[in-house]
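> 3D model of this:
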Amino acid sequence: MIYEITTSFILGIVEGLTEFVPVSSTGHLIIVESLIPFRDRQFAQAFEVIIQFGAILSVLILYRERFKGIFYFKKPGFYGWRTLFSLFLTSLPAVLAGVFLHSLVKRYLFNPLWVSFALVIGGVLMAIAEKYCRKNRTGIDSLTYKDAIVIGFFQVIALFPGMSRSASTISGGLVMKFDRKTAAEYSFLAAVPVMTGAALYDAFKSKDFLFSGDNAILLSIGFITSFIVALISIKLFMAILRRTSLKYFALYRIIMGGILAVLIITGLFKANL
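Take a look at the predicted model:
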């Protein structure tokens with residue numbers, strides 16, 4: 001049981017650190033869980049998705065004023081129906097794609113080798129968006145429905161583990177000429193409906209075993225840990241964006257993915273392929 005508790009704690013840290021930073025939380029969870037796996041593989045796959053609730057809660061707390069604004073239907077700006085419809089448009093492409101691709105992706109691409117390739121590909125794409133896109137739009141209030149739907153199509157890329165939901169949506173924001181801070185903030189907001197839907201879906205499918213006995217304890221540890229770490233991670237990430245660009249995150253992805261691919265191909269990393 002001590003081993004399982006330690007695994008839950010470490011995976012909670014990984015989830016909280018990486019969920020809203022453009023390096024792929026799912027990719028890092030797959031890598032770490034390959035090194036220190038749960039004994040129950042069925043529980044492990046559900047655990048990795050559902051502890052995202054902790055990270056979601058951190059966004060709801062840090063951006064609570066923005067979420068309260070959903071109920072300000074007569075206030076001008078990014079409030080009320082405009083907020084709701086924008087988040088709906090951003091979520092729709094990923095939801096529709098997820099219905100058709102979820103089982104296939106989970107069956108064939110949830111492995112470290114694919115993650116290594118996706119880390120590199122996503123890093124290159126993010127570096128291109130960072131370098132060549134003009135960033136002259138500031139503030140979520142300037143976001144249009146067209147922006148929301150374009151960012152939504154970028155979010156579809158995140159269905160493939162290792163590509164990163166935050167990297168995809170932030171890159172979409174950059175393509176639409178938003179500055180890094182605005183792109184990141186909208187990425188956080190857009191994460192809530194999609195991540196909540198994915199977590200609820202997995203929770204429902206796994207309800208017969210997920211919340212029983214020791215599994216409930218392990219899930220609670222992962223949830224609380226990811227929540228606390230995500231609170232800190234988001235604040236640090238926004239502070240970094242005020243001082244520098246996303247190129248360092250892109251470089252990390254490329255180096256990390258390249259090293260991981262070499263280790264797997266040479267047999268030095270014993271991946272669960």
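> where exactly do the helices run in the stretch 101-250 of the chain?
For the stretch 101-250 of the chain, the helices identified by DSSP state H, counting those that start in this stretch occupy 112-132, 145-156, 165-175, 180-205, 207-210, 214-243, 247-265, in order along the chain.
> could I get these as a markdown table with mean neighbour count, mean pLDDT and distance to residue 15?
Where C-beta positions appear, they are placed from N, C-alpha and C, glycine not excepted. A markdown table is the format used below for the helices of the stretch 101-250 of the chain (neighbours: other C-beta atoms under 10 Å; pLDDT from 0 to 100; distance: least, C-beta to C-beta, whole Å):
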| stretch | mean neighbour count | mean pLDDT | distance to residue 15 |
| --- | --- | --- | --- |
| helix 112-132 | 21 | 93 | 15 |
| helix 145-156 | 20 | 96 | 19 |
| helix 165-175 | 27 | 95 | 12 |
| helix 180-205 | 20 | 88 | 11 |
| helix 207-210 | 12 | 70 | 16 |
| helix 214-243 | 18 | 93 | 4 |
| helix 247-265 | 17 | 94 | 17 |
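> out of those, which gets nearest to residue 33?
With respect to residue 33, and counting by C-beta to C-beta, the nearest of the helices of the stretch 101-250 of the chain is helix 112-132 at 9.5 Å.
> put the alpha carbons of that closest one into CSV.
Only the C-alpha atoms of helix 112-132 are listed here, as CSV (Å, rounded to 0.1, in the frame of the first residue of the first chain):
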residue,chain,number,x,y,z
PRO,A,112,5.9,6.5,-24.1
LEU,A,113,7.2,6.0,-27.7
TRP,A,114,4.3,7.9,-29.2
VAL,A,115,4.6,10.5,-26.5
SER,A,116,8.3,11.1,-27.4
PHE,A,117,7.3,11.8,-31.0
ALA,A,118,4.4,14.0,-30.0
LEU,A,119,6.6,16.1,-27.6
VAL,A,120,9.0,16.9,-30.4
ILE,A,121,6.2,17.6,-33.0
GLY,A,122,4.3,19.8,-30.5
GLY,A,123,7.4,21.7,-29.5
VAL,A,124,8.3,22.5,-33.1
LEU,A,125,4.8,23.7,-33.8
MET,A,126,4.7,25.9,-30.7
ALA,A,127,8.1,27.4,-31.6
ILE,A,128,6.8,28.3,-35.0
ALA,A,129,3.7,29.9,-33.6
GLU,A,130,5.8,31.8,-31.1
LYS,A,131,8.3,33.1,-33.6
TYR,A,132,6.2,34.0,-36.6
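> cheers, nothing more for now.
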